[in-house]
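K.L.:
Next come a sequence and a model predicted from it.
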Protein chains: 2
Amino acid sequence: MPTIRATESGEWTQLQDQAAAMQHERMHLRHLLADPDRLATFSLSGGGLFMDFSRQRVDKRTMALLYQLGQTAGLQKRFHAMVAGQRVNNTENRAALHTAARNFTQAPVTVDGVDIMPALRRVRARIQEFVRCVHDGDLRGATGRRFRHVVVIGIGGSYLGTEFVATALEAYADKGIQLHFLANVDIHNFGRIVTRIDPAATLWIVISKSYTTAETMANAAQARAYLESVGLDPSRHMIAVTSQGSPGDRSDQGLLQAFHMFDFIGGRYSVASAVGCVPLSLYLGYDRFEAFLKGAEAMDRHAAEAPPEHNLPLTAALIDIWNNNFLGYGARGIIPYATPLSKLAPHVQQLNMESNGKRVSRHGEVLAVPTGTIIFGEPGTNAQHSFFQLAHQGRPFPIEFIGVLTPQYTAYNHLSQGVTNHQELWANLLSQPMALAVGRDHAEPARCFPGNRPSSTLVLDDLSPENIGRLLSFYEARTVLEAFVWDINPFDQFGVELGKSLAKGIRTTIAARNRGDEGPAPHDDPIVQFYLDKLFQTKQG
Amino acid sequence: MPTIRATESGEWTQLQDQAAAMQHERMHLRHLLADPDRLATFSLSGGGLFMDFSRQRVDKRTMALLYQLGQTAGLQKRFHAMVAGQRVNNTENRAALHTAARNFTQAPVTVDGVDIMPALRRVRARIQEFVRCVHDGDLRGATGRRFRHVVVIGIGGSYLGTEFVATALEAYADKGIQLHFLANVDIHNFGRIVTRIDPAATLWIVISKSYTTAETMANAAQARAYLESVGLDPSRHMIAVTSQGSPGDRSDQGLLQAFHMFDFIGGRYSVASAVGCVPLSLYLGYDRFEAFLKGAEAMDRHAAEAPPEHNLPLTAALIDIWNNNFLGYGARGIIPYATPLSKLAPHVQQLNMESNGKRVSRHGEVLAVPTGTIIFGEPGTNAQHSFFQLAHQGRPFPIEFIGVLTPQYTAYNHLSQGVTNHQELWANLLSQPMALAVGRDHAEPARCFPGNRPSSTLVLDDLSPENIGRLLSFYEARTVLEAFVWDINPFDQFGVELGKSLAKGIRTTIAARNRGDEGPAPHDDPIVQFYLDKLFQTKQG
């Protein structure tokens, strides 16, 4: 482990000077891109992906300094420590072993001397058998109907990753099962799903590590009451994914089955665990889920083993730090030119912003530099017709373009203006990074483009389960590597605690009013009290 | 019209001093909120909405200076000029009359002396009759089937606003019609919709002002080829919303009908025009669409007539400027605690970022201050479990919370921890702004919350069509009022031109290769050429 924090190192200071040098007009991207070797120098292939960072505002010296910074931060050593099962989540005294959930080698992975691999394999084997029973009709609902709908009750990390993968691989969903997500406690979410399912053919999966998450418990209680109201036995229609020993793991909870998740895999890193395995195997088939895991495993290995200068997530993480702390960009756009990747940005939004939006180091010191960044995005070309005006002529922000060479649909090849839809998509995907980087002068000021706006382009061969696994692992590895540069803990999330604890107090006040307690004490906060009065004056749900 | 630009006025300088003063510890929100009159002083009701800005980092002096700035900028005068039909879109020499599309008074609205109201009313009457025919079964598909699916082919402003309203009002969609959006040129978008429709029962609406938008034309051509391939006459299944005289308005285009849009209503402001009227009336019924318009009209009137200190969109716009230019926040989160408002953020993202992401004034001078802001958001409570870690402990950004007093679903009232789901939602909605503003000290640094993070809360009584109209108008008025402070033109979008023009060149190169032209000239840009080679090496769609 390094003794000098990277953010206080000599490289950090040198990079600040380098950032100042990059402001010079001769370092404008339009000049950097005049180098015919630009793409060859500033692109990488590895782990099944291609990453082009030729339109980032970097030169060879910048990259050399960034790799030195990575060396000082001990990035790969820390990554190895994580993969090997050390308690890298130091504030919660836990390991962070999402990589173990897709490790198909026979090597043991130990936490304090105990090999955790057999337990992971056992859970996966149980899920595989359960899913087989559902698909074959050996396991059916209370009235003997086959399961045709699966409702995932879970929020945050028990939802967004699975939604991303399910959306990306929808074209593979041939098991006759529709997947629904019940995340928000808003009764609209529940009410809408109920109009779309057939309750006798519906399986509900309650996903919560602690089995105490307020929203998930409220929705699970609503589902149970609904099942009873339509005369169906909830214990034939509800299963849980939860920790061993949690309230949802007890046999008296009226659940058909419980599959275990582990404290060494955090919510936002949990798609590869039972959290994703149960719903995605039901939706896509277990074999496709395993293919997805194997893609993730390949990228994990690349992240662990490829030398820094050939390492995609490591290089991407260093460029993120460069854009964030040295060039001063506070946001990053993720623009996949692929409709199936429409839920990638919301997933990475959680993964990255919850991991790295921190103000103290893992040792508790308040940091001198900002960490984390705002992540947002919509698919292209849609985004071009939405917010790209600001990207081109307003506040600049780095953009990550994503392209897919082969689409899933090959049936529709009508040409418009001489090109297929897929080619039209690519024409746009290729034009935008160039327009942002190079810009354009024009006699009319409103038609001038200043250019010098940075972007990367990430290319996938196709949207196979393996490649979606690679993409998932790429973003996970990059996120933790960013954190390692900042010396923060990307695995805790204490920032969500205060809101939860205040909500508890408000809930208690509301519950007292619901019970009709005589003159329940007004809430401490007069603004809260104002709204509660307003709420109780209206007809409520 | 003012002669001094607001950004160069004395108030601007005073506001800079005021922002410096607000940095002082005694101006921390936890102290400002100790004032028992805080909410009464810093909240407004009007136009059917309630806006609480008590958790913004403002005091009375800040607000007084902001209203003076608004006076200097001539905000209401400019708003009146817009509503009255002046050519406020000066760079394109057009009026900006989205408000006229929901003006139910009998007063004329003239552009250069010509009353445009009769034309708007005529289009609406024609749509009303068309929709009646579809709903009554007087108008059917080529094989005599009733229309059960409507596919909206349109992108950007021909898509996002309609999607927002349709999603918000889904609970009212009782006409037996499913709505689908075909925006992205990505063939996945088309391929997925085709698996979900019954072609003999599907009506396609092609929406494009110029009828030349590349994506929309490609998708329309794909739809036409598909209809022909399944033996259905496209002219019985496709209609257009387009400008008078555009290629889609000609009778030889094989379309069943064309409804007109006008050059005085820009795409991102066009939901109230035929762009929204055709699909939303089919989906919800014409009467509900008209109720939506009437809600928008009420807020338009409020924006035009309420004095500045009681004017919601005007006050919100001034606070946006304050947060953006004086406190230095470069992004804004929109967090509706209502699943039906899940498409509000993507709509406002376009509306605001495309309108105000500009670098020159309406007279072409390069601006000295940044304009526009990054807008992003997801519904709460989901966002709490996703990116709120960063909001609480990472980079701060202002947040706009939105609450709805009465939910659409009242059937599901099972209590969890003594409260309904709707009450649980409100407990969270009330706790988050407080946690962000007040913060918390703690012995463990990782559990400290610095607080002083600004937010507003917007409250709707319910999600009626009228209230969705109010909300739409609120964001439109606020967006243009921000622009008027900056003295920019919120109605043009020259920033999207360069990308389009570069895409055209790339498309030409691809089309030449498709035709098999011998040795088509390589593209000027070696990076583009690299990708084109890659694309042509792979099996494509």
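P.N.:
Perfect, I can see it now. Numbers count the residues shown, from 1 in each chain, chains lettered A, B, ... in the order given.
K.L.:
what's the neighbour count on the residue in the stretch 1-150 of chain A that chain B sits nearest to?
P.N.:
Proximity of the stretch 1-150 of chain A to chain B (Cβ to the nearest Cβ) peaks at residue A:39, 5.0 Å away. Bear in mind the C-beta positions are built from the backbone N, C-alpha and C, glycine included. Per other Cβ atoms under 10 Å in any protein chain shown, the neighbour tally for residue A:39 reads 20.
K.L.:
for the stretch 101-250 of chain A, what spans make up the strands?
P.N.:
A:110-111, A:114-115, A:149-153, A:178-182, A:202-207, A:238-243 (DSSP state E, counting those that start in this stretch).
K.L.:
Can you give the distance of the longest helix anywhere in chain A from its chain's centre?
P.N.:
In chain A, with assignment by DSSP state H, the single longest helix is helix A:465-486. Relative to the chain's own centre, helix A:465-486 is displaced by 9 Å; criterion: Cα atoms, centre = their mean, to the nearest Å.
K.L.:
Who are the packing partners of it?
P.N.:
strand A:49-52, helix A:60-73, helix A:75-83, helix A:160-168, helix A:286-305, helix A:312-321, helix A:344-356, strand A:455-462 (3 or more Cβ pairs under 8 Å, 6 or more residues apart in numbering or on different chains; DSSP states H and E).
K.L.:
which residues touch the third one?
P.N.:
Taking Cβ atoms under 8 Å, 6 or more residues apart in numbering or on different chains as the criterion, the residues outside helix A:75-83 that touch it are A:1, A:70, A:88, A:95-97, A:99-100, A:109, A:300, A:303-304, A:308, A:311, A:314, A:317, A:477, A:480-481, A:484-485.
K.L.:
need the contact list for residue A:382.
P.N.:
B:155, B:156, B:159, B:183, B:184.
K.L.:
can you pull the contacts of the third one?
P.N.:
Counting by Cβ under 8 Å, 6+ apart, residue B:159 touches A:382, A:385, B:152, B:181, B:183, B:207.
K.L.:
returning to what we had before: quick one: which of the strands of the stretch 101-250 of chain A is nearest chain B?
P.N.:
strand A:178-182 (9.9 Å).
K.L.:
Now do that closest one and strand A:149-153, the angle between them.
P.N.:
20 degrees (axes from the mean of the first three to the mean of the last three Cα atoms, to 10 degrees).
K.L.:
send the alpha carbons of strand A:178-182 over as PDB?
P.N.:
Extracted in PDB, the C-alpha atoms of strand A:178-182 (Å, rounded to 0.1, in the frame of the first residue of the first chain):
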ATOM      1  CA  GLN A 178     -42.300 -10.700 -18.700                       C
ATOM      2  CA  LEU A 179     -40.200  -8.800 -16.200                       C
ATOM      3  CA  HIS A 180     -41.500  -5.900 -14.100                       C
ATOM      4  CA  PHE A 181     -39.700  -3.700 -11.700                       C
ATOM      5  CA  LEU A 182     -41.300  -2.500  -8.500                       C
END
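K.L.:
re earlier: among the contacts of residue A:382, which are in helices?
P.N.:
Going by DSSP H, the helices hold none of the contacts of residue A:382.
K.L.:
Show me which of those is closest to chain A.
P.N.:
Comparing the contacts of residue A:382 against chain A with Cβ to the nearest Cβ places residue B:156 closest, at 2.8 Å.
K.L.:
Could you tell me the per-residue confidence at that closest one?
P.N.:
For residue B:156, the pLDDT comes out at 96.
K.L.:
That one reaches residue B:270, doesn't it?
P.N.:
No. Residue B:156 is not in contact with residue B:270 according to Cβ atoms under 8 Å; the separation is 9.9 Å.
K.L.:
quick one, domains of chain A?
P.N.:
What automatic domain parsing lists as the domains of chain A is A:6-73+A:306-491, A:100-290, A:495-537.
K.L.:
So is the last one next to chain B?
P.N.:
Yes. Under the criterion of Cβ under 8 Å from any Cβ of the partner chain, domain A:495-537 makes contact with chain B via A:495-500, A:502-503, A:505-508, A:510-512, A:514-515, A:525-528, A:530-532, A:534-535.
K.L.:
Let me know the average pLDDT across that domain.
P.N.:
The pLDDT scores in domain A:495-537 average 92.
K.L.:
May I have the phi/psi pair for residue A:257?
P.N.:
phi -160, psi 160 (degrees, to the nearest 10).
K.L.:
Just give the closest residue to it, not the sequence neighbours.
P.N.:
Sequence neighbours aside, residue A:239 is the residue nearest to residue A:257 in space, at 4.5 Å (criterion: Cβ to Cβ, 6 or more residues apart in numbering or on different chains).
K.L.:
which stretches of the stretch 301-450 of chain A form helices?
P.N.:
Residue ranges of the helices in the stretch 301-450 of chain A, as given by DSSP state H, counting those that start in this stretch, are A:312-321, A:344-356, A:388-393, A:421-438.
K.L.:
right, is the first one up against chain B?
P.N.:
No. Between helix A:312-321 and chain B, judged by Cβ under 8 Å from any Cβ, nothing touches; the nearest distance is 13.7 Å.
K.L.:
tilt between that helix and helix A:60-73?
P.N.:
Counting by the same axes, to 10 degrees, helix A:312-321 lies at 110 degrees to helix A:60-73.
K.L.:
List the buried residues of helix A:312-321.
P.N.:
A:312, A:313, A:314, A:315, A:316, A:317, A:318, A:319, A:320, A:321 (16 or more other Cβ atoms under 10 Å in any protein chain shown).
K.L.:
The nearest residue to residue A:488 once chain neighbours are set aside: how many residues sit nearby?
P.N.:
Leaving aside its chain neighbours, residue A:488 sits nearest to residue A:358 (4.5 Å; criterion: Cβ to Cβ, 6+ apart). A total of 26 residues lie near residue A:358 under the criterion other Cβ under 10 Å.
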